[in-house]
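1. here is the input, now give the coordinates:
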Amino acid sequence: MFYRASHPLLLDSKVAHVSLDVFLFFFALSGYTSGFWILLGGGVLLFLLAPLINKLMHGVR
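-> Prediction:
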C-alpha cells in the first residue's frame, strides 16, 4: 500500500491516508497525461517531417 503520512494538524489518520492516495493518483495521472502529449507531439512532428526525410533518402538502398 502507499506510504501513510501523519500530519499533526490531521487528527484522523484515515483522512491523511485518503488525501495522500488522492494526491498520488492525480500526480500519476498528470505524469501519464504529459507523457501522452509529448509522445503525440513527437509522432506528429515525425509525420510532418516524413516527406523531407524521404527526399533525403532518395537513391539510398
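2. for the chain, give me the ranges with low pLDDT.
-> 1-17, 61 (pLDDT under 70).
3. at 50 instead, please
-> The model of the chain has pLDDT under 50 over residues 1.
4. which residue ranges form the helices in it?
-> Read by DSSP state H, the chain holds these helices, from start to end of the chain: 13-56.
5. how close does residue 35 get to residue 26?
-> 15 Å (CB to CB, to the nearest Å). Just so you know, the C-beta spots here come from the backbone N, C-alpha and C atoms, and that holds for glycine as well.
6. same question, residue 32
-> Plainly put, residue 32 is 11 Å away from residue 26 if you go by CB to CB.
7. do residue 49 as well
-> 34 Å.
8. now stretch 23-36, how far from the centre of its chain.
-> Stretch 23-36 sits 5 Å away from the centroid of its parent chain (CA atoms, centre = their mean, to the nearest Å).
9. dump the residue contacts of residue 31.
-> Contacts for residue 31 were tallied using CB atoms under 8 Å, 6 or more residues apart in numbering; there are none.
10. can you start the count at 25 instead of 1 from here on
-> Will do, 25 is the new start, and the previous item becomes residue 55.
11. for residue 83, phi and psi?
-> Phi and psi for residue 83, reported as degrees, to the nearest 10, are phi 90, psi -10.
12. actually residue 81, not the one I wrote
-> phi -90, psi 10.
13. neighbours around it, how many?
-> A count of nearby residues for residue 81, using other CB atoms under 10 Å, gives 9.
14. same question, residue 45
-> 13.
15. and it, how far from residue 51?
-> 11 Å.
16. distance check, residue 80 against residue 73.
-> Residue 80 is 10 Å from residue 73, where distance means CB to CB.
17. er, residue 67 I mean
-> From residue 67 to residue 73 the distance is 11 Å (CB to CB).
18. right, I'll call it a day here.
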